[in-house]
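Visitor: Fold the following, please.
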Amino acid sequence: MRSSLPSRLIATGFIAALLLTGCSAKDSNNAEAQPSETSSSAAASADASKDATASSTSASSEDSGSAEASSSATALPTLANGQEVTLTDAERTDFNAGKYVPATAQHPALNVPEPVMPEVAKEQTFEGAKAFLEYWVDSANYATQTGKTASVTEALTGSDMEEERRIYEGYREAYQEGAWSVGSKRDIEIQDGDFQAVSNNLYDLIVVHTRTSGEIYEGDGTKSEDIESFNTARNPQLLTLKWENGQWKMKLISGIEGVTYGE
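Guide: Numbers count the residues shown, from 1 in each chain. Model (predicted):
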């Protein structure tokens, strides 16, 4: 029993003391040396025990750290059907490092950086209009990769952009239902000098607006829709901006008469 162990240790020590008292001087000398050796041995044993405990504690901490890292590394998002997304080794490395991972047929885009409007985009100048359009395209690509469409739709104004609003509303609903988009990246090129004030804070620009092809995948991983590319020939288009309440808005983007766009 645990309560009897101290008494047994005291009794054993008392008997040993009696035996040492009855020894001869020679034996006494030997006995004097023996406790010293015993003491050294005990100290060494204590040091070894201390080192072992420290080593065990360190190993335990390392194992705990490894377990936490492993747990963090495997914390992947899930699809609408509850299945964890499948990543390649390279994609997993980038995901764990917080890097952007493009969408594939197996999973939506991950760690998509949200665009931030630069200060120059808030200026009523050509440089401001150009910066705004570049920000808007980045917001459009962010919307198609995340379903978060507020920034891109807030920049639209007027009935001429109603179709554009419906496009992004469709993306928002698709992501809410667990679907995702692959590809379909927009780009815009603004020609320097092609910036004309029309009237009532309206400005026309000549731009080259393009979109790559893409697909829509449902939450169970099946492809539901193909998205055609647009203007791969990189033909120019007319874009009208409006300076409204101290900020730029997209009012119209249209083809130029006589130019064929197609895919």
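Visitor: Only C-alpha atoms from now on, for both contacts and neighbour counts.
Guide: Will do.
Visitor: what secondary structure does residue 238 sit in?
Guide: Here residue 238 is recorded as strand under DSSP: H, G, I helix; E, B strand; the rest coil.
Visitor: Was I right to think it contacts residue 205?
Guide: Yes - judged on C-alpha atoms under 8 Å, residue 238 makes contact with residue 205 at a distance of 6.0 Å.
Visitor: quick one: which of the two has more around it?
Guide: For residue 238 and residue 205, the more surrounded residue by other C-alpha atoms under 10 Å is residue 205, and the numbers stand at 23 against 17.
Visitor: That one: what's it in contact with?
Guide: By C-alpha atoms under 8 Å, 6 or more residues apart in numbering, the contact list for residue 205 reads 190-191, 194-196, 238-241.
Visitor: How far does stretch 117-125 sit from its chain's centre?
Guide: Taking the mean of its C-alpha atoms, stretch 117-125 sits 28 Å from the chain's own mean (C-alpha atoms, centre = their mean, to the nearest Å).
Visitor: now stretch 151-170
Guide: Relative to where its chain is centred, stretch 151-170 has its mean C-alpha point 28 Å off (C-alpha atoms, centre = their mean).
Visitor: what about the strands in the stretch 101-250 of the chain?
Guide: Taking DSSP state E, counting those that start in this stretch, the strands of the stretch 101-250 of the chain run over residues 180-183, 186-197, 202-211, 214-217, 223-227, 237-244, 247-255.
Visitor: The second one packs against which elements?
Guide: Packing partners of strand 186-197 (3 or more C-alpha pairs under 8 Å, 6 or more residues apart in numbering; DSSP states H and E): helix 126-146, strand 202-211.
Visitor: cool, and the last one?
Guide: Taking 3+ C-alpha pairs under 8 Å, 6+ apart as contact, the helices and strands that strand 247-255 lies on are strand 237-244.
Visitor: let's go with 10 Å and repeat that
Guide: For strand 247-255, the helices and strands in contact under the criterion 3 or more C-alpha pairs under 10 Å, 6 or more residues apart in numbering; DSSP states H and E are helix 126-146, helix 150-154, helix 162-176, strand 202-211, strand 237-244.
Visitor: quick one, which of the ones you listed is nearest to residue 109?
Guide: helix 126-146 (5.9 Å; C-alpha to C-alpha).
Visitor: just to revisit the earlier point, and the helices and strands packed on strand 186-197, which is most packed in?
Guide: The highest average neighbour count among the helices and strands packed on strand 186-197, using mean count of other C-alpha atoms under 10 Å, belongs to helix 126-146 at a mean of 22.
Visitor: Would you mind putting the helices and strands packed on strand 186-197 into JSON lines with mean pLDDT and distance to residue 219 alongside?
Guide: As requested, these are exported to JSON lines (pLDDT from 0 to 100; distance: least, C-alpha to C-alpha, whole Å):
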{"stretch": "helix 126-146", "mean pLDDT": "97", "distance to residue 219": "14"}
{"stretch": "strand 202-211", "mean pLDDT": "94", "distance to residue 219": "24"}
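Visitor: looking at the strands of the stretch 101-250 of the chain, which has the lowest confidence?
Guide: The stretch with the lowest mean pLDDT among these is strand 186-197, which comes in at a mean of 87.
Visitor: Show me what counts as buried in that one.
Guide: 186-188, 190, 195 (16 or more other C-alpha atoms under 10 Å).
Visitor: Let me see the residues that make contact with that strand.
Guide: Outside of strand 186-197, the residues that reach it under the criterion C-alpha atoms under 10 Å, 6 or more residues apart in numbering are 125-127, 129-131, 133-134, 136-141, 144, 202-213, 229-230, 234, 236, 238-242.
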